[in-house]
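In: sequence isn't available, so here's the structure alone:
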């Protein structure tokens, strides 16, 4: 079905879209779409990095909990 779409049909669709939205609105739609794609790509790249960072943070947290478990904490009122 889509293989039968030629350049003339695409021009007709483009003319209809321009008539409905106008050139200014299409420009902002294109800009918004571009920023959305950019945000999606950065989120995907952060998600790829995240598992390694989670493992590092978990090991740091486990080391911190053992380091502070032997330390005695006092409140400022108790020090007076």
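Out: Great, that's in hand. For clarity, every value in this text was computed on a predicted model and none was experimentally measured.
In: enumerate every residue touching residue 3.
Out: Neighbouring residues of residue 3 by C-beta atoms under 8 Å, 6 or more residues apart in numbering: there are none. All C-beta spots, glycine's among them, are computed from the backbone N, C-alpha and C.
In: which of the three states applies to residue 45?
Out: Under the three-state scheme (DSSP: H, G, I helix; E, B strand; the rest coil), residue 45 adopts helix.
In: residues near residue 17, how many?
Out: Neighbour count of residue 17, defined by other C-beta atoms under 10 Å: 13.
In: what residues does the helix or strand it falls within touch?
Out: Assigning secondary structure by DSSP states H and E places residue 17 in helix 7-21. Under the contact criterion C-beta under 8 Å, 6+ apart, helix 7-21 has outside partners 26, 29.
In: name the helix or strand for residue 41, please.
Out: helix 23-69.
In: follow-up on the earlier one: buried stuff in the helix holding residue 17?
Out: Within helix 7-21, no residue is scored as buried using 16 or more other C-beta atoms under 10 Å.
In: and residue 6, its phi and psi?
Out: Backbone geometry at residue 6, expressed as degrees, to the nearest 10, gives phi -110, psi -180.
In: against residue 13, how distant is it?
Out: Distance, residue 6 to residue 13, by C-beta to C-beta, to the nearest Å: 11 Å.
In: got it, and residue 32?
Out: In terms of C-beta to C-beta, residue 32 sits 20 Å off from residue 13.
In: fine, thanks again, bye for now.
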